[in-house]
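# build the 3D model from these lines:
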Amino acid sequence: LIAVAFFTVHTIRLQRMYVLFFIEVGSRRVHFAGCTAHPDQEWVTQQARQVAWTVSERAEPIRWLIRDRDRKFTRSFDDVFRGAGIPIVRTPSQAPQANAIAERFVRTVRAECLDWLLLLSARHLDGILTVYIDHYNRHRPHRSLDLTPPNGPQANDDRAHADNLHVVQRDRLGGLVREYERAA
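The predicted model follows:
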């Protein structure tokens, strides 16, 4: 099961940017599709093709795609997923809880990242979201996943020898996000 949604962000020049992302409901893994000021049919369809190609390489196939009734999701967007054998489930109008996992991610990315930064351009936003989503998928603990990240626990996570533990901190996004790993 995978969900898709858009959210908007404003740059310091008051330009509205649209961010498209997909989130796997079971694993909470996020796929950042891209950001643009003008999400036209061609752009949205191309992003759908890239994500459909990425998720087709999974061992376990995607069974459903959940999306809202936003007009930016065109017939060609739906056709990409239908062509890959993934049925589309459209949520009821004005029912954000029907796509709650995607809405929760939007709240998280805003609270932990975007609300703390001044965004200059689409390229700047793209770079920030790429770093944050990498952190979200590889390092950020999730309660629904027993405090493991969506990509699974770190390979060197050995709690049996905690007395000899040496931890290294790595700052990302200028210290806004911190990651901790065992030193080798």
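
# every contact and neighbour count from this point should use C-alpha atoms.
Noted.

# Leu176: what's it in contact with?
Leu176 makes contact with Cys113, according to C-alpha atoms under 8 Å, 6 or more residues apart in numbering.

# remind me which residues of the protein are low pLDDT?
Applying pLDDT under 70 to the chain flags residues 154-164, 184.

# just give me the residue right at the centre of it.
For the chain, Val30 is the residue whose C-alpha lies nearest the centre (C-alpha atoms, centre = their mean; 3.1 Å).

# give me the nearest residue to that one, chain neighbours excluded.
Computed as C-alpha to C-alpha, 6 or more residues apart in numbering, the closest residue to Val30 that is not its neighbour in sequence is Ile23, at 4.4 Å.

# cool, Phe21 as well?
When the adjacent residues along the chain are set aside, Phe21 lies closest to Phe32, with 4.6 Å between them (C-alpha to C-alpha, 6+ apart).

# could you report the neighbour count for that neighbour?
Neighbours of Phe32 under the rule other C-alpha atoms under 10 Å: 18.

# same question, Pro39
18.

# wait, it sits on Thr74?
No: the pair Pro39 / Thr74 is not scored as a contact, 10.7 Å apart, by C-alpha atoms under 8 Å.
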